[in-house]
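[1] Sequence first, then the predicted structure, then my questions.
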Amino acid sequence: MSAVRTRWVACLGLAAAAVVSACGDGPDVPVPSIETVEGYFEISARSSVSLRGNVAEIQVYQSADQLRRGGSLWARVGPYVYLFSDATQRLFDEQPGIGGLRVVTLTPGGAEIARATLPRGALNDVTWQRALNIAGRARRDGTARPSLLEELVRWGQDHTDFEYSSEYVRSR
C-alpha cells in the first residue's frame, strides 16, 4: 500500500508542478508603442493616443453640431464607433501586449462626453463579426435610421465598461 501511496503523491506533485508552470507569468509580452497603436486608427490632428499600462486610450473630439443634432444618442454612441471596428480587431489580433482599448469622446472644448473600455478577449470570433456588422450598419445608415445607433449603443453597453457625462446623457 505504501508504494501505491508514494506513486499517487508523486503523480499529484507532477500534476501540481505542471499546473504552476502552465499558469505562471510566462514571458512578458511587450506593450506596443503609441506610434504603433496610432497606425491602426485614423487619428486626426486634435485626437490623441496614450497608453495607461497595457490599455491603449484614444481621445477623439466629437463635433458640437453632431451633439446638437443627435443629442444624448450621439453622445452615447461616440466611443462604440471606434471600439467596434476592423482597426480594433486587428490591434488585438496583432498586438498581444494590449490588454484593452479605451475610447474617450470629448467636446471641441475638451470636456469629456463619454468613455468606454473594451477588454481584450471580451469578444470571440462570432461576437466580433456581430459587433462589426452592427457598427458598420450604424456608421453607414445611422443618421437616417437612429435605431441602428441605438442597437450599437446597446451592444456597446453589453460588452464594455462605460461612463457617460451627466451633462450630455441623463441617467435612467
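    Ah, there it is. Since this is a predicted model, take the numbers as computed values, not measurements.

[2] Report the central residue of the chain.
    Leu118 (2.1 Å; CA atoms, centre = their mean).

[3] So that one belongs to a strand, correct?
    Yes - Leu118 sits within a strand when classified using DSSP: H, G, I helix; E, B strand; the rest coil.

[4] gap between the strand or helix carrying Gln157 and the chain center?
    Per DSSP states H and E, Gln157 falls inside helix 146-159. A distance of 15 Å separates the centroid of the chain from that of helix 146-159, by CA atoms, centre = their mean, to the nearest Å.

[5] From the contact counts, what lies against it?
    helix 64-83, helix 125-141 (3 or more CB pairs under 8 Å, 6 or more residues apart in numbering; DSSP states H and E). Bear in mind the C-beta positions are built from the backbone N, C-alpha and C, glycine included.

[6] Same list, these, but as TSV with mean neighbour count and mean pLDDT please.
    Formatted as TSV, those follow (neighbours: other CB atoms under 10 Å; pLDDT from 0 to 100):
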stretch	mean neighbour count	mean pLDDT
helix 64-83	20	90
helix 125-141	15	97
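
[7] which one of these lies closest to Gly100?
    helix 64-83 (9.9 Å; CB to CB).

[8] Can you name the next helix or strand after that closest one?
    Following helix 64-83 toward the C-terminus (DSSP H and E): helix 86-94.

[9] Pairing partners for the residue nearest to the centre of the chain in the sheet, please.
    Leu101 (DSSP bridges).

[10] For it, give its distance to Asp86.
    14 Å (CB to CB, to the nearest Å).

[11] Low-confidence ranges, the protein, go.
    Applying pLDDT under 70 to the chain flags residues 1-27, 171-172.

[12] Repeat the analysis, applying 90 as the threshold.
    Applying pLDDT under 90 to the chain flags residues 1-29, 42-47, 63-71, 143, 168-172.
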